[in-house]
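*Asks:* let me see the structure of the following:
(one chain, ligands or ions: 2)
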Amino acid sequence: MKIKVNDIPQEGLTLEEQHDAAALDLARDDLKFVTPITLKAFITRDTDDVYAHVSAEGRIEAVCGRCLAAYIINFNKEFDFSYDVKGKTVLDLTDDIRQEIILEYPVKPLCSENCKGLCQVCGKNLNEGDCGHKPDADRWSEAKKSGN
Ligand SMILES: [Zn+2]
Ligand SMILES: [Zn+2]
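*Replies:* Ligands and ions are numbered 1, 2, ... in the order given. This next block holds a predicted model:
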């Protein structure tokens, strides 16, 4: 998302763009956008300062860290940026937006807070039903200790 500084009118500039997530290099092993990302921005300028209010929207396919099932996250976040544009003619927000989007990714995606995970004995997805094996209590207390 590039803006020509001198094109920002007094009343502000409204922009809407669609970006290919692959072009923005936003994929992580367990997360990827399955739609283009819609970026909407409202840009204002006060002499040498430019302020941008940006929203980013799209759908992410994530892989649950517990049960390994794919699920969809509706991503919709808003960011604010400010820039000193003294001596600049073009402002490129793309990299800042990219970094903010990545910061909003879940550290460990979970299909649900209550996801039961996979049976350690037979590998069945326990969200789909009980296989009759006993859960390993030690494994869950280990998981808690590591912060998840
Ligand atoms: Zn899960
Ligand atoms: Zn089992």
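
*Asks:* which parts of the protein sit against ligand 1?
*Replies:* Within reach of ligand 1 by C-beta under 5 Å from the ion, the chain has these residues: 64, 66, 67, 111, 115. Every residue, glycine included, has its C-beta placed from N, CA and C.

*Asks:* what two of those are the furthest from one another?
*Replies:* 66 and 111 (7.6 Å; C-beta to C-beta).

*Asks:* sorry, back to before: would CSV of the residues of the chain next to ligand 1 with distance to residue 15, neighbour count and secondary structure be doable?
*Replies:* CSV is the format used below for the residues of the chain next to ligand 1 (distance: C-beta to C-beta, whole Å; neighbours: other C-beta atoms under 10 Å; DSSP: H, G, I helix; E, B strand; the rest coil):
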residue, distance to residue 15, neighbour count, secondary structure
64, 35, 20, coil
66, 39, 20, coil
67, 40, 19, coil
111, 34, 21, coil
115, 38, 18, coil
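
*Asks:* from the chain's centre, how far out does stretch 39-55 sit?
*Replies:* 21 Å (C-alpha atoms, centre = their mean, to the nearest Å).

*Asks:* in that stretch, what's buried?
*Replies:* 39, 41, 43, 44, 45, 50, 52, 54 (16 or more other C-beta atoms under 10 Å).

*Asks:* ok, now stretch 75-86?
*Replies:* 75, 79, 81, 83, 85.

*Asks:* what of stretch 119-129?
*Replies:* 119, 124, 125, 126, 127.

*Asks:* got the contact list for the third one?
*Replies:* For residue 125, the contacting residues are 67, 68, 69, 118, by C-beta atoms under 8 Å, 6 or more residues apart in numbering.
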